[in-house]
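Visitor: Need the 3D shape of this:
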Amino acid sequence: MDPQTRGWPSALVAGVGVGVILVLAYGCQPSAQPVRTSPAPHSGASSSGSPAPELAKSSSSDPSAIKDASSVQLVPEGPQQPPPHPTQPPQGATVAPVAQSSPLAAQVPQPRYGRRQDPPSAKHEDASDSTSHAPPKPKRGKKNPVDPVQANGPIFQNWPKPRLVLIFSGQQWGYIEPCGCAGLENMKGGLARRFTFVKQLKKQGWNPVAFDLGGQVRRQGRQAQIKFHYTLDALRLMGYGAVGLGPQDLKLPPEEILTELVDESTPLVCANLTLLDFPAPSVRVVEQGGIRIGAVAVLSPKLEKQIQNDQIRLAPMHSAVEQALRQLKQKQCQLLLLLCYASVQEARELARVFPQFHFVVAADRLDEPPAQPQKLNQGRSWLIRVGHKGMYVVAVGVYGPEAQQWKYQRVPVDARFPNAPEIDQRMAAYQEQLKELGWEGLGLRALPHPKGTQFVGSQVCGECHTKAYQIWKNTPHAHATRTLEQLNPPRHFDPECISCHATGWEPQRYVPYHSGYDSLDKTPHLRANGCENCHGPGSRHVAIEMGEVDASALEVQAARASMRVTLEEAKQRTCLQCHDLDNSPDYIKLGFEAYWPQIEHHGTD
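Guide: The predicted model follows:
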């Protein structure tokens with residue numbers, strides 16, 4: 001299907017871009033960590049500036065170097081990161097499918113400059129709690145770039161050349177690209193990097209073929225639909241043999257899923273799914289490296305409540321798998337895979353009942369895959385878990401005349417793999433589609449702010465808060481929108497980025513507030529991550545201070561108090577709206593106290 005007829009898909013990592021009260025992850029970080037630079041344009045070059053390393057080479061491809069699958073020694077991976085934290089199969093492969101509007105942001109008039117005289121008893125209180133004291137401001141300095149191999153460990157050490165490599169992925173959840181807020185060289189994930197990994201394996205003659213558990217999206221709405229199609233286009237381009245479906249995928253409009261299922265090139269498979277009375281394909285068969293591989297995918301009926309769609313039916317997994325195995329038996333497959341979007345417990349039970357499967361892939365809550373697989377059925381089967389958000393894939397090397405000798409590798413999708421230009425081109429088309437649709441075309445509707453007031457812009461704040469304003473001007477917050485404008489392709493039309501890179505958006509829901517940022521032309525005064533993202537819209541406070549409305553002394557104090565944010569509030573809630581694990585992992589690791597000194601500001605002059 002022509003991608004243009006379907007609308008170019010995809011999406012940035014659902015991650016939000018910039019912090020609220022804390023320093024942006026772009027460029028300004030504590031001295032204890034390497035400097036995080038703005039995300040580099042997707043030029044296909046490694047973010048660390050060095051070419052991607054060649055895969056580990058072996059002087060021997062002798063399969064006798066590999067033990068039997070039940071006793072195979074797994075390759076050590078070196079130092080590990082602590083947990084948090086078109087359309088064609090691979091070259092030489094054959095695939096045999098088996099039966100089956102209103103403007104969102106209003107212009108806010110700029111109030112007259114000037115300042116209301118304080119009542120005699122009024123005191124200027126610290127806007128960030130004068131009773132609290134932050135630690136000394138850390139020194140800033142340029143650090144050496146991060147070496148991804150040193151940070152995340154080498155891969156494929158001491159591997160002989162395999163007959164083929166099985167690649168397992170899944171639970172991407174819309175993170176099609178790493179958020180660059182902490183520096184791309186420091187972050188994992190991305191379809192463009194994954195494609196480079198696949199191409200490197202092909203270049204080495206390792207015959208890769210990939211399979212995905214499902215779970216391409218996590219959110220709903222037009223942007224999620226575009227992401228879903230974009231991701232499937234990318235997986236086709238990589239030559240995926242089979243792709244399952246997750247519960248959030250099936251929360252998309254049924255016609256969006258059906259469009260993919262009826263496409264002759266679809267890699268989608270789900271043996272127990274019926275959608276709009278259309279049964280999804282049950283199995284996929286791929287031949288690679290002289291080995292025939294049969295894949296079955298199922299989705300746990302226990303997840304049906306999450307889907308909440310009466311046009312979708314999920315049959316019991318056991319009966320669906322049993323029928324699928326009959327089909328695969330006729331195809332004389334040497335390797336059998338079960339993509340089981342279900343709990344680990346359910347996956348283990350299926351592996352016990354159907355020991356014919358060599359690899360069972362399960363959904364899991366782990367952020368990253370285990371360093372080793374879990375062996376089932378006396379080592380004849382492996383349980384594979386792939387982690388979340390596309391930060392890792394799992395590679396299994398297959399050896400021996402009967403394809404029953406295996407090696408396992410957890411692969412971090414990091415900056416050692418430059419972006420594949422084929423995916424970067426699609427990302428540019430995706431961003432262009434977001435631009436053409438606009439906020440309204442994406443189905444975004446502005447929300448009223450909980451304070452019931454309007455945004456005025458940081459320059460207005462600076463008329464009275466001159467010192468705080470100058471501090472803000474010298475932080476990355478002040479050029480947050482410009483950061484997105486300067487990327488290639490630009491990201492300031494992407495709700496998932498602009499929500500933390502401009503003033504007046506709800507950062508976790510990716511929607512604007514009334515009177516929040518709309519565009520560079522319509523709302524230039526909100527072109528930055530400004531004061532009001534942390535302190536709230538200031539229209540009433542400004543109107544009172546400028547003498548534009550009559551207010552009692554109590555009302556003056558109440559309006560001022562409504563703008564204050566204590567350090568504890570900032571630490572526990574405000575900053576985390578943007579400085580979350582996906583977009584600012586160093587903030588989560590180092591904490592508020594390490595970042596606050598870089599933007600410390602206090603009340604009026």
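
Visitor: Let me see the ranges of the strands in the stretch 501-605 of the chain.
Guide: When secondary structure is read from DSSP state E, counting those that start in this stretch, the stretch 501-605 of the chain shows strands at 505-506, 511-512.

Visitor: Pick the most deeply packed of those.
Guide: Highest mean neighbour count among the strands of the stretch 501-605 of the chain (mean count of other CB atoms under 10 Å): strand 511-512, with a mean of 24. C-beta coordinates here come from the backbone N, C-alpha and C atoms, glycine included.

Visitor: Go ahead and flag the most central residue of the protein.
Guide: For the chain, Tyr175 is the residue whose C-alpha lies nearest the centre (CA atoms, centre = their mean; 2.4 Å).

Visitor: Make CSV out of the strands of the stretch 501-605 of the chain and add distance to Leu273 and mean pLDDT.
Guide: Shown next, in CSV, are the strands of the stretch 501-605 of the chain (distance: least, CB to CB, whole Å; pLDDT from 0 to 100):
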stretch, distance to Leu273, mean pLDDT
strand 505-506, 34, 98
strand 511-512, 31, 98
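
Visitor: closest to Gly239 out of those strands?
Guide: Closest to Gly239 of these is strand 511-512 (CB to CB; 37.0 Å).

Visitor: Which strands border the closest one, and is each parallel or antiparallel?
Guide: Strand 511-512 has the following strand partners under DSSP bridges: strand 505-506 (antiparallel).

Visitor: Figure out how far the strand it pairs with is from the centre of its chain.
Guide: Here strand 505-506 is found 19 Å from its chain centre; the criterion is CA atoms, centre = their mean, to the nearest Å.

Visitor: List of residues touching that strand?
Guide: Strand 505-506 is contacted from outside by Leu447, Pro495, Ile498, Ser499, Val511, Pro512, Tyr513, Gly516, Tyr517, using CB atoms under 8 Å, 6 or more residues apart in numbering.

Visitor: Neighbour-wise, which one of those residues leads?
Guide: The residue in the contacts of strand 505-506 with the most neighbours, by other CB atoms under 10 Å, is Tyr517 (30 neighbours).

Visitor: dump the residue contacts of that one.
Guide: Counting by CB under 8 Å, 6+ apart, Tyr517 touches Ala105, Thr481, Ile498, Ala502, Thr503, Gly504, Trp505, Thr523, Leu526, Arg527.

Visitor: go with 6 Å
Guide: By CB atoms under 6 Å, 6 or more residues apart in numbering, Tyr517 lies in contact with Ala502, Thr503, Gly504, Thr523, Leu526.

Visitor: pLDDT on stretch 390-408, on average?
Guide: For stretch 390-408, mean pLDDT rounds to 96.

Visitor: what about the strands in the stretch 251-400 of the chain?
Guide: For the stretch 251-400 of the chain, the strands defined by DSSP E, counting those that start in this stretch cover 273-275, 278-279, 283-288, 291-299, 312-314, 335-341, 359-362, 374-376, 381-385, 392-399.

Visitor: Summarise which helices and strands the fourth one is packed against.
Guide: Read that as strand 291-299. Counting contacts by 3 or more CB pairs under 6 Å, 6 or more residues apart in numbering; DSSP states H and E, strand 291-299 is packed against strand 283-288, helix 317-330, strand 335-341.

Visitor: Check for me that the residue nearest to the centre of the chain belongs to a strand.
Guide: No. Counting by DSSP: H, G, I helix; E, B strand; the rest coil, Tyr175 is not found in a strand; it is coil.

Visitor: Any stretches of the protein with poor pLDDT?
Guide: Applying pLDDT under 70 to the chain flags residues 1-144.

Visitor: I'd guessed Gly516 sits against Ala502; true?
Guide: No. Using CB atoms under 6 Å, Gly516 makes no contact with Ala502, being 7.6 Å away.

Visitor: centre of the chain versus stretch 148-163, how much separation?
Guide: Distance of stretch 148-163 from the chain centroid (CA atoms, centre = their mean) equals 25 Å.

Visitor: List the buried residues of the lengthiest helix in the chain.
Guide: Selection of the longest helix in the chain by residue count, based on DSSP state H, yields helix 421-441. The neighbour-count check on helix 421-441 (16 or more other CB atoms under 10 Å) flags Glu422, Ile423, Asp424, Arg426, Met427, Ala429, Tyr430, Gln431, Gln433, Leu434, Leu437, Trp439 as buried.

Visitor: who are the neighbours of that helix, in terms of helices and strands?
Guide: Contact here means 3+ CB pairs under 6 Å, 6+ apart; on that basis helix 421-441 packs against helix 191-203.

Visitor: who does the helix it packs on touch, helix- and strand-wise?
Guide: With contacts taken as 3+ CB pairs under 6 Å, 6+ apart, helix 191-203 sits against helix 421-441.

Visitor: can we see that at 10 Å?
Guide: Secondary-structure packing of helix 191-203 (3 or more CB pairs under 10 Å, 6 or more residues apart in numbering; DSSP states H and E): strand 164-169, strand 208-212, helix 222-237, strand 392-399, strand 405-412, helix 421-441.

Visitor: Residues in contact with the next helix or strand along the chain from the longest one: which ones?
Guide: What it means is helix 421-441. Later in the chain than helix 421-441, the nearest helix or strand by DSSP states H and E is helix 458-461. Helix 458-461 is contacted by residues 108, 110-111, 113, 465, 468-469, 472-473, 477-478, 503, 525-533, 535, 538-539, 541-542, 545-546, 563 when judged by CB atoms under 10 Å, 6 or more residues apart in numbering.

Visitor: could you redo the last one with a cut-off of 8 Å?
Guide: Residues outside helix 458-461 that contact it (CB under 8 Å, 6+ apart) are 110-111, 468-469, 472, 478, 503, 525, 528, 530-532, 538, 542.

Visitor: out of these, who's nearest Lys305?
Guide: Distance to Lys305 across the contacts of helix 458-461 (CB to CB) is lowest for Thr503, with 38.5 Å.

Visitor: What residues does Gly504 make contact with?
Guide: Gly504 makes contact with Ala105, Phe455, Pro512, Tyr513, Ser515, Gly516, Tyr517, Thr523, Leu526, Glu532, Asn533, Pro537, according to CB under 8 Å, 6+ apart.

Visitor: Once you drop chain neighbours, what's closest to it?
Guide: Of all residues beyond its chain neighbours, the one nearest Gly504 is Gly516 (2.3 Å), with distances taken as CB to CB, 6 or more residues apart in numbering.

Visitor: Quick one: closest of the strands of the stretch 251-400 of the chain to His602.
Guide: Shortest separation from His602 across the strands of the stretch 251-400 of the chain is recorded for strand 392-399, at 43.6 Å, computed as CB to CB.

Visitor: what are the pairing partners of the closest one, and which direction each?
Guide: Paired strands of strand 392-399, with direction, are strand 164-169 (antiparallel), strand 405-412 (antiparallel) (DSSP bridges).

Visitor: Next, the angle strand 335-341 makes with the last one.
Guide: Interaxial angle of strand 405-412 relative to strand 335-341 (axes from the mean of the first three to the mean of the last three CA atoms, to 10 degrees): 40 degrees.
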